[in-house]
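Novice: Have a look at this fold, sequence not included:
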């Protein structure tokens, strides 16, 4: 039995801890979603924080230890948890459910989860503990079976099964598939997708189709989706809406998330300020090479942002202290793990002003073979970075996504 196996009945009694190890709540249950032929994935954890039953996305969790569930970073959404179609609660839905295995009716006693190797998933269902029903039966040692022996537990309907199948596909391929469906079917599937997955899908759709899907959601859900999107993509989408609708959605978003998007909306869309993301990997000069490489290994980090770290004086959130330079991944690999970043920053690092036109941004990226470039204000404070994919999105012809062949491609 792998050491990383965790049974949900034990996880549900653990404290939820912030990045510093301070207890901020208590875990109650684990939210699962079927994933087609793959193991059901852990979407997140139902947790009681400040007497509220909320959802904490699994991607925000760094460590799942016997002593506590520790968050990696980031704030939590204190809005009440709402279960959507196709989602299953490990304790609330699965435990005590009957299931037939090898012709014998058994009952689920517990479920075990392990770290996942599947793209976009941190943890997944691994085993199911089965036994009889009633107090006496619970005292007997349960029978442990792989989750595949209980597939019938995860039959959640046609629409949810289709969403589960899409979890095995790249967002761009999901977008191709969604575009071929009638609007009513698109909205039905969007309603039951998890927030992170729907945000990824929207980022791959043309703006007019993004707006149609967003308009099919209630205000609270639409705000949740915008919070999951990259801030620059959320700003682009909001920029296509009326001022009244934009204001309603920004007001419904969490203040910290809305702050970044509001700031991006102040820039012209075809400039470095309008293209940039405010969430690169930012580190202090006292940080070490080992710490920088650990940050770049973060699974949820987009490829273009995982290619380098941006070194600044405090504060480390945008707008930062003075920008010192950019250190690429390869340069980090050439230095000892204990060396400070301030000692290996290049003497010269490219940076742009927020009003730099997008064609000039593209030219700089191409001329210096960069996948991301810093954007600084007049005092050389880092305010964001522009990545090569941000530039490509804006320079390709309008409607370019519709020209892509509509075929399904798995992760392989």
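Specialist: Thanks, I have it. What you see is a predicted model; the values in this text were computed from it and never measured. Numbering: from 1, shown residues only.

Novice: Strands of the stretch 151-300 of the chain, residue ranges please.
Specialist: 282-283 (DSSP state E, counting those that start in this stretch).

Novice: next one: the stretch 301-412 of the chain
Specialist: 308-312, 323-328, 351-352, 372-376, 382-387.

Novice: The first one packs against which elements?
Specialist: I take that to be strand 308-312. Secondary-structure packing of strand 308-312 (3 or more C-beta pairs under 8 Å, 6 or more residues apart in numbering; DSSP states H and E): strand 282-283, helix 289-296, strand 323-328, strand 382-387. Where you see a C-beta, it was placed from the backbone N, CA and C, and this is true even at glycine.

Novice: can we see that at 6 Å?
Specialist: Counting contacts by 3 or more C-beta pairs under 6 Å, 6 or more residues apart in numbering; DSSP states H and E, strand 308-312 is packed against strand 282-283, strand 323-328.

Novice: same check, this time on the shortest one
Specialist: Under the contact definition 3+ C-beta pairs under 6 Å, 6+ apart, strand 351-352 sits against strand 372-376.

Novice: now with 10 Å?
Specialist: helix 272-275, strand 323-328, helix 358-367, strand 372-376, strand 382-387 (3 or more C-beta pairs under 10 Å, 6 or more residues apart in numbering; DSSP states H and E).

Novice: quick check, distance from the third one to the centre of its chain.
Specialist: The chain centre lies 29 Å from the centre of helix 358-367; the measure is C-alpha atoms, centre = their mean, to the nearest Å.

Novice: what packs against it?
Specialist: On a contact count with 3+ C-beta pairs under 10 Å, 6+ apart, helix 358-367 meets helix 272-275, strand 351-352, strand 372-376, strand 382-387, helix 388-395.

Novice: Which among those is found nearest to residue 238?
Specialist: helix 272-275 (12.1 Å; C-beta to C-beta).

Novice: which residues sit against the closest one?
Specialist: Around helix 272-275, the neighbours that count as contacts under C-beta atoms under 10 Å, 6 or more residues apart in numbering are 232, 235-236, 239, 263-269, 351-358, 360-362, 364, 373-377, 383-387, 390-391, 393-395.

Novice: so how far is residue 350 from residue 382?
Specialist: Remark: distance between residue 382 and residue 350 (C-beta to C-beta, to the nearest Å) = 13 Å.

Novice: and residue 71, bridged to which residues?
Specialist: Under DSSP bridges, the beta-bridge partners of residue 71 are residue 61.

Novice: What about it, how many residues nearby?
Specialist: Neighbours of residue 71 under the rule other C-beta atoms under 10 Å: 23.

Novice: wait, it sits on residue 62?
Specialist: Yes. In this structure, residue 71 is within contact of residue 62 by C-beta atoms under 10 Å, at 6.3 Å.

Novice: intersection of neighbour lists for those two?
Specialist: With C-beta under 10 Å, 6+ apart as the test, residue 71 and residue 62 both reach 17, 19.

Novice: Mind splitting this structure into its structural domains?
Specialist: 6-152, 169-266, 282-394 (automatic domain parsing).

Novice: For the ones you listed, could you give me TSV that also reports distance to residue 275?
Specialist: Formatted as TSV, the domains of the chain follow (distance: least, C-beta to C-beta, whole Å):
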stretch	distance to residue 275
domain 6-152	23
domain 169-266	7
domain 282-394	5
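
Novice: Out of these, name the one with the poorest average pLDDT.
Specialist: Among the domains of the chain, domain 6-152 has the lowest mean pLDDT, at a mean of 88.

Novice: for that domain, how far is the first residue from the last?
Specialist: End-to-end span of domain 6-152 (C-alpha to C-alpha, to the nearest Å): 22 Å.

Novice: cool, stretch 108-128 as well?
Specialist: End-to-end distance of stretch 108-128 (C-alpha to C-alpha): 7 Å.

Novice: what do you get for stretch 62-79?
Specialist: Span of stretch 62-79 from end to end, C-alpha to C-alpha: 22 Å.

Novice: With stretch 216-233 instead?
Specialist: By C-alpha to C-alpha, one end of stretch 216-233 lies 19 Å from the other end.

Novice: residues of that stretch that come out buried?
Specialist: Along stretch 216-233, these residues count as buried under the neighbour rule (16 or more other C-beta atoms under 10 Å): 216-217, 221-233.

Novice: same thing with stretch 29-38?
Specialist: Across stretch 29-38, burial judged by 16+ other C-beta under 10 Å covers 29-36, 38.

Novice: Let me have the residues you listed in CSV, extended by secondary structure.
Specialist: As requested, the buried residues of stretch 29-38 are arranged in CSV below (DSSP: H, G, I helix; E, B strand; the rest coil):
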residue, secondary structure
29, strand
30, strand
31, strand
32, strand
33, strand
34, strand
35, strand
36, coil
38, strand
